[in-house]
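# Just the structure for this:
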Amino acid sequence: MARALQFSLYKWLLGAEKTFVGLDNYRRLIFEDGDFHKSVLVTLYFTVLSVLPAIALALFVAVLLNGAGLRFRGIFRTIYFVPVVTSLVAVAFVWRALLEPSFGLVNTVLGWVGINGPGWLASPDWALPGIALMTIWRDMGFYMVIFLAGLQAIPREVTDAARIDGAGPWRSFWYVTLPLLNPSIVLAAVIGVINGLQLFTQTYVMTGSPQRLPGGPLGSTRSVVLYIVEQTFRPLEMGYGSAAAFLLFVLIMIVTLIQFRLIQRKFEY
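Residues are numbered from 1 along each chain as shown. This is a model prediction of the structure:
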């Protein structure tokens, strides 16, 4: 991090001499670089699209799998967790084929029920939601494990007491289980947002090809990390790329601190 901060203060084309420019790289990024601004908005939008649904679905699945009397519980947990340990590059290639507008399985299945599927990765409006859909499918199992650990740490006496006091399943979950799951929710949210703000592999694999640069169509999926790679390794502007990387670090830190402030609550059994 210290070296990145140091490099960001220089104008440095790799292979040439470094020229000290102070905060000029940051000034250009913050006030002049419209492509960087768009990449930040794309990254934030993707984070909202992917993290919130994944956490909600993972919590729902975890509650189901934690239910007493469920048969084959271990098999179900394995099925949900397999995508997490599968190579992200391999998963991205498979989903790229699934979301192909004309012959992909997703639009084919939608056509069976009379729905005309969107252009997905070929459409500026649908490319990022398509990538988010894949990310939700892949990450849900990870959050599920976090929530299962949290659910199993809640003393059974607490939920039994709520049931004896007349609380139904929904009220028991809302007023007892959910508050006691706050540490697990905070952990899942923080990890999810950090991963979302570092979006790269999915976009690089699913939107790039030998014929076109990743991040399309029309820059609709160019994340901050992809922008950093483009600015650093194509024109070899190491100083400018380091400044963008350091700003991403600051963004992640600010968002993480806001999350802790907004969603972390005191709890007790």
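
# Grab the nearest non-local neighbour of A58.
Nearest residue to A58 in three dimensions, chain neighbours excluded: Y143, at 3.5 Å (Cβ to Cβ, 6 or more residues apart in numbering). Every C-beta, even on glycine, is put in place using the N, C-alpha and C of the backbone.

# Show me where the chain has its strands.
In the chain, the segments counted as strands under DSSP state E are 10-11, 19-20.

# Tell me which of those strands lies nearest to L257.
Comparing the strands of the chain against L257 with Cβ to Cβ, the closest turns out to be strand 10-11 (28.8 Å).

# From T19, how far off is the spatially closest residue to F20 that is not a sequence neighbour?
Sequence neighbours aside, Y10 is the residue nearest to F20 in space, at 5.6 Å (criterion: Cβ to Cβ, 6+ apart). Y10 sits 6 Å away from T19, going by Cβ to Cβ, to the nearest Å.

# check contacts around A92.
M134, T201, Q202, V205, M206 (Cβ atoms under 8 Å, 6 or more residues apart in numbering).

# Could you tell me how many residues sit around the residue nearest to S39 when sequence neighbours are not counted?
Of all residues not flanking S39 in the chain, Y227 sits nearest, at 4.1 Å (Cβ to Cβ, 6+ apart). When neighbours are counted by other Cβ atoms under 10 Å, Y227 registers 26.

# Y227: what's it in contact with?
Contacts of Y227 (Cβ under 8 Å, 6+ apart): D35, F36, S39, G215, A244.

# do that again at 7 Å, thanks
Shown in contact with Y227 (Cβ atoms under 7 Å, 6 or more residues apart in numbering): D35, F36, S39, A244.

# Next: S39.
R222, S223, V224, Y227.

# From T221, how far out is it?
Using Cβ to Cβ, S39 is found at 10 Å from T221.

# ok, and the closest non-adjacent residue to the residue nearest the centre of the chain?
Nearest residue to the geometric centre of the chain (Cα atoms, centre = their mean): G196, 2.9 Å. Using Cβ to Cβ, 6+ apart and skipping the chain neighbours, the partner closest in space to G196 is T47 (3.3 Å).

# How many residues are close by the one you found?
22.

# give me every residue that touches it.
Contacts for T47 (Cβ under 7 Å, 6+ apart) come out as V193, G196, L197.

# Verify the stated contact: the second one with L52.
Right, the one you point to is G196. No: taking contacts as Cβ atoms under 7 Å, G196 lies outside contact range of L52: 9.9 Å.

# so who does V89 touch?
Listed by Cβ under 7 Å, 6+ apart, the contact set of V89 reads T201, V205.

# got any ranges where the stretch 151-269 of the chain has weak pLDDT?
266-269 (pLDDT under 70).

# Run through the helices of it in chain order.
156-164, 169-172, 178-180, 182-197, 201-207, 224-233, 238-263 (DSSP state H, counting those that start in this stretch).

# residues touching the closest residue to T203 other than its chain neighbours, list them.
Excluding the flanking residues, the one nearest T203 by Cβ to Cβ, 6+ apart is T221, at 4.7 Å. By Cβ under 7 Å, 6+ apart, the contact set of T221 is V42, A127, L128, I131, T203, T207, G215.

# One more pass at 10 Å, please.
The neighbourhood of T221, defined by Cβ atoms under 10 Å, 6 or more residues apart in numbering, consists of 39, 42-43, 46, 121, 124, 127-128, 130-132, 199, 202-204, 206-208, 214-215.

# Kindly report the same for G74.
Shown in contact with G74 (Cβ under 10 Å, 6+ apart): L65.

# Next one, pLDDT for it please.
pLDDT for G74: 79.

# Against L257, how distant is it?
For G74 relative to L257 (Cβ to Cβ), the value is 38 Å.

# next one: L70
From L70 to L257 the distance is 38 Å (Cβ to Cβ).
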